[in-house]
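Novice: Kindly return the folded structure for what I paste below:
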Amino acid sequence: MRIRPLLLCLPVFALGACTQVPKPEATLAGEVYYLQRSALPPEAVLSVSLQDVSLADAPAVELSKQSRPTEGRQVPLPFTLTYNPNQLKSGHRYAVSARIEVSGKLLWVTTEQHSVTLDSQASSPLRIRVEPVHTGSPIIH
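Specialist: Below is the predicted model of the structure:
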């Protein structure tokens, strides 16, 4: 008769064993801005990414990316990147880059590396400056 209470508890233990352990998450927040007094089109899309930029002779490894429509909002545009801190490697360098596009056409982009420290002493929020992309078309006044 003692077996019966144990059998009733068995499904509870089985469900507990099936529960997935969530991945650890950390966030990096900030805003993207530019200095020019120019309005973004309502259909502009902001993309911000966190990258491992340690290897000079290889492409950066993307750890996190956020892309979303600006929906008519203007700079500064907030962002939040969620990443897995277990992906970070000791001695590696990390940076955040941003771009603003309209219909796939690049309008604004980071032109300098925005290095970040991903530890408990990381400064937040980040301020990421983007610069206009020059199309090469002459400007007529």
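
Novice: excluding its backbone neighbours, what's nearest Pro41?
Specialist: Val102 (5.2 Å; CB to CB, 6 or more residues apart in numbering). Where you see a C-beta, it was placed from the backbone N, CA and C, and this is true even at glycine.

Novice: again with Ser47
Specialist: That would be Ser67: by CB to CB, 6+ apart, it lies 4.2 Å from Ser47.

Novice: ok, now Gln87?
Specialist: Per CB to CB, 6+ apart, closest to Gln87 is Leu63, 5.5 Å.

Novice: If you count neighbours, what's buried in the helix or strand that contains that neighbour?
Specialist: Per DSSP states H and E, Leu63 falls inside strand 61-69. Going by neighbour count (16 or more other CB atoms under 10 Å), the buried part of strand 61-69 is Leu63, Ser64.

Novice: for stretch 78-86, same thing?
Specialist: For stretch 78-86, by 16+ other CB under 10 Å, it's Phe79, Leu81, Tyr83.

Novice: for those, which one is nearest Thr27?
Specialist: Leu81 (6.7 Å; CB to CB).

Novice: Identify the bridge partners of that closest one.
Specialist: Leu81 has the following beta-bridge partners by DSSP bridges: Leu28.

Novice: I'd say it and Val32 touch.
Specialist: No - between Leu81 and Val32 no contact is recorded; they are 11.7 Å apart, counting by CB atoms under 8 Å.

Novice: Now do the shared contacts for these two.
Specialist: By the contact definition CB atoms under 8 Å, 6 or more residues apart in numbering, Leu81 and Val32 are jointly contacted by Val48.

Novice: before we move on, the earlier item: what about the residue nearest to Pro41, how many neighbours?
Specialist: Applying other CB atoms under 10 Å, we find 15 residues neighbouring Val102.

Novice: That one and Thr80, how far apart?
Specialist: 22 Å (CB to CB, to the nearest Å).

Novice: what are the ranges of the helices in this protein?
Specialist: Here the chain has its helices, by DSSP state H, at 3-18.

Novice: which residues touch Leu107?
Specialist: Contacts of Leu107 by CB under 8 Å, 6+ apart are Leu40, Ala44, Ile100, Glu101, Pro132, Val133.
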